[in-house]
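this is a predicted model, with the sequence first.
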Amino acid sequence: MKIREITDAIEQYAPLRLQEEWDNAGIQVGNPDAEITGVLLCTDATEVVVAEAIDRGYNLVISHHPLIFRGLKKIMGRTPVERTVAMAIKHDITIYSAHTNMDSAWQGVSFRMADKIGMTNVQFLDSNAVQPYGDEETTTAGCGVIGDIELMPAREVLKRVKVAFEVGAVRYSGDGDTLVSRVALCGGAGGFLLDKSVEMGAQLYVTADMRYHDFLDNSQRIVVADIGHYESEHFTKEIFLEIIQKKSPTFAVAFAKNELNQVNYL
């Protein structure tokens, strides 16, 4: 099987046209027509992840975050990105990323978050596009999700989130005793959806990369929680795995064992 067959399957699920203008999803480095020897799945394609792929004899690394965001004018090993690119080229490793296109896809990143905490009646928080999907003619694409959860205090929902997403610390504002039955979620940096969460009737909004004034300015109208960028998105690897296993159930594919969250907690 060629690498292109796997990346095409991912792009059928999350078309590249759904990515934001500033993003760089797709093949980062490598040859899409090479025969696959194995696939390593990760959130970030780092030096240690590529080294693990080499050790395993796998020649395809699939990440959520793109390795290359900005143009590389030189590859001299001065930065982690330059060293990772050089290592991948030297060992014929292809690196592929599905980022904001996977964020925006039906059953993408935020839907997986909702699954992890047992939400029901989940829909996009902000629908902004239409894409072909599977056997259906059209389905909505968008940003974030909103859905229902059994009635409980916000603090109890956040305890569930902390366990489910393996969070070192949850930052939140608002009254933790607020009864919650409607929750909004967005993987990654989701401050732009705060107003939409309130408009759609959420009592709790869970995302990442919130600023101090995001908490301060909204503490009286909604409980806002920041669980960390990596924590909110690291289960995206499960989506990649399911796509690949559906395409080829017996193919060699694994989660990277050496990947680490780059943010630590004391």
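Sure thing, it's come through. Numbering: from 1, shown residues only.

is it true that Ala141 lies in a strand?
Yes - Ala141: assigned to a strand according to DSSP: H, G, I helix; E, B strand; the rest coil.

please name the bridge partners of it.
Counting by DSSP bridges, Ala141 is bridged to Ala129.

I'd assumed Phe124 was in contact with it.
Yes - the pair Ala141 and Phe124 qualifies as a contact (CB atoms under 8 Å) at a distance of 7.4 Å. The C-beta positions use only the backbone N, C-alpha and C, and glycine is treated the same way.

what touches both of those two?
Here Ala141 and Phe124 share no contacting residue, scored by CB atoms under 8 Å, 6 or more residues apart in numbering.

how about Ser127: what's its closest non-neighbour residue?
In space, and not counting its chain neighbours, Ser127 is closest to Gly142: 4.0 Å by CB to CB, 6 or more residues apart in numbering.

where in the stretch 101-250 of the chain is pLDDT low?
Per-residue confidence for the stretch 101-250 of the chain (pLDDT under 70) gives these ranges: 128-140.

please enumerate the strands of it.
120-133, 136-153, 171-173, 179-189, 204-208, 223-226 (DSSP state E, counting those that start in this stretch).

a markdown table for those strands, including distance to Lys159?
Output for those, formatted as a markdown table (distance: least, CB to CB, whole Å):
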| stretch | distance to Lys159 |
| --- | --- |
| strand 120-133 | 19 |
| strand 136-153 | 9 |
| strand 171-173 | 11 |
| strand 179-189 | 12 |
| strand 204-208 | 12 |
| strand 223-226 | 11 |
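
so which of those strands is nearest His234?
Of all these, strand 179-189 sits nearest to His234, with 9.4 Å by CB to CB.

list the buried residues of stretch 146-163.
Residues of stretch 146-163 classed as buried: 146-147, 149, 153-158, 161-162 (neighbour count, 16 or more other CB atoms under 10 Å).

going by distance to Gly187, which of those wins?
Relative to Gly187, the closest of the buried residues of stretch 146-163 is Val161; by CB to CB it sits at 12.4 Å.

for the closest one, what are its contacts?
Going by CB under 8 Å, 6+ apart, Val161 touches 117, 167, 170, 206, 225, 227.

ok, so of the residues you listed, who is nearest Thr236?
Ile227 (14.5 Å).

any buried residues in stretch 213-227, and which?
214-215, 218, 222-227.

cool, and stretch 68-79?
Buried-residue list, stretch 68-79, by 16+ other CB under 10 Å: Ile68.

next one: the residue nearest to Phe235 when sequence neighbours are not counted from Lys237, what distance?
Closest residue to Phe235 apart from its sequence neighbours, by CB to CB, 6+ apart: Arg112 at 5.1 Å. Distance from Arg112 to Lys237, counting by CB to CB, to the nearest Å: 10 Å.

overlap of the contact sets of these two?
With CB under 8 Å, 6+ apart, Arg112 and Lys237 have no common neighbours.
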